[in-house]
Structure formats: C-alpha cells, structure tokens
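1. kindly return the folded structure for what I paste below:
(chains A and B)
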Amino acid sequence: MQLTEMELFHLGEQLRAEALAITKSATCARESTDPKLQQMYLRIAERHRGHYEILMRNAQNFAQQRQF
Amino acid sequence: MLDEKDRLTDSLITQKYIASGYNLAALESANNQIMDAFSGILRDEHQIQHEIFNEMNSRGWYQPKAANPNDISQNINKWNQELQRVQHTTAFRPGTLQQQGYQAGAPQYGFQTGVGMPQMGSESQQHTMYRPPQNPMI
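-> As a prediction, this is how the structure comes out:
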C-alpha cells in the first residue's frame, strides 16, 4: 500500500516537532548548571535525533517503493 | 533567562505535545509499517517524559497530590455498579436479538471473566475491525 496523504502530513508534523526538540534539548544542556540535568538533556537530544532518523527512513522507504 | 525548573517544565510540555502528535499519527495510519514506527516512537516519548517528570518530582517541583483512599473506594463501588448495569443491558438474551436490531453474524459479547473488553469472534475479525479504511486513490 502506498503512503497516504494523512501519513505524509503526520510525518512532516512530527519531523518538525523532533527537530525543534533536538534544538531545545541541546540549548537546555548548554544553559543548565546542574551536571545531572545537562547529561539528561544531551541524552534526550540524542533520542530525538534517533526519532528523526526513524521517520526519515520510513519516508524514504515509501519514496523508493514509488519508483518501481 | 529560564531557571532549571522552567527548563524542565518546558521540556515536559514539549514531550506532551510530541506524544499527542504521535498518538494521533498512529491512530490515523493506514500502513502497518508507519503505524508501528509512530507507536514505537510514542513509547519512547513516554519514557523521556517520565524521566523528566522524575527529575522534577525528586526536586519537589512537580508533586501530584495523592488521591483520598475513601474516594478510591467510593469510585470502585461506583464503577462496579456501572459494570453490572452494562452487563445487564448487553446480556445475550435468545429471542430478543432480532427486535433489538442486532445484525446476524455480529460478535456476541461474553462477560465470563467479569472484567475486560468484549470477546471478539476471531483474530482476523479483530484485525479487520481495528484497521483504518484503505485509500487506493493516494
């Protein structure tokens, strides 16, 4: 089954939200003075980056299917 | 400039927003692969949210008030009564199905266990019931 318009819309929305979350978490890590929280923010930024990659992989899988 | 509490609160609100987006995205997915991706990430967003909550909670910045034990008991009694009412109204009564407008072949609900969801006929039936409509035009 091909990617639906609704799925494409949600992929875009979540990619946007994840990108913002990566930036915000990295900013929090820089601004925080608590070493424990700094580490937590860095870990969270990495997890959001992982989510971004999963979403991109899924979008790319459907783009490749379309070509054949 | 935000302080530590502001940053944690902002992170918590961001997590709630993102998780809501994944919940809706999973609900509105037609492809299994996409639905699984959204659901999997949603689970991880919940864990991140909980990690942030624990940090706030341990610092005394987010301490949800405990429910009154009497209120819990009263609510459980109320919910039990509601369950009995629902069981009574949906009980299978031979001879009454036709006039109540039930369709032939519709799953019959059984409440032998006393709790939980209505029992469905088969796995495949359950599968088709929970899949969103297919859209071949897109």
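2. use CA for all of it now, contacts and neighbours both
-> Noted.
3. for chain B, what's the longest helix?
-> Longest helix of chain B, by residue count under DSSP state H: helix B:32-58.
4. what residues of it count as buried?
-> B:34-35, B:37-39, B:41-42, B:45, B:48-49, B:52-53, B:55-56 (16 or more other CA atoms under 10 Å in any protein chain shown).
5. I'd like the next helix or strand past it.
-> Using DSSP states H and E, the helix or strand that follows helix B:32-58 towards the C-terminus is helix B:69-90.
6. helices or strands up against the longest helix of chain B?
-> Secondary-structure packing of helix B:32-58 (3 or more CA pairs under 8 Å, 6 or more residues apart in numbering or on different chains; DSSP states H and E): helix A:35-67, helix B:4-27.
7. can you list those helices in JSON lines and add mean neighbour count and distance to A:L8?
-> Converted to JSON lines, the helices and strands packed on helix B:32-58 look like this (neighbours: other CA atoms under 10 Å in any protein chain shown; distance: least, CA to CA, whole Å):
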{"stretch": "helix A:35-67", "mean neighbour count": "16", "distance to A:L8": "8"}
{"stretch": "helix B:4-27", "mean neighbour count": "18", "distance to A:L8": "10"}
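8. among these, which gets the worst mean confidence?
-> Ranked by mean pLDDT, the helices and strands packed on helix B:32-58 bottom out at helix A:35-67, with a mean of 94.
9. is any residue of that helix near chain B?
-> Yes - Helix A:35-67 is in contact with chain B by CA under 8 Å from any CA of the partner chain, via A:44, A:51, A:54-55, A:58.
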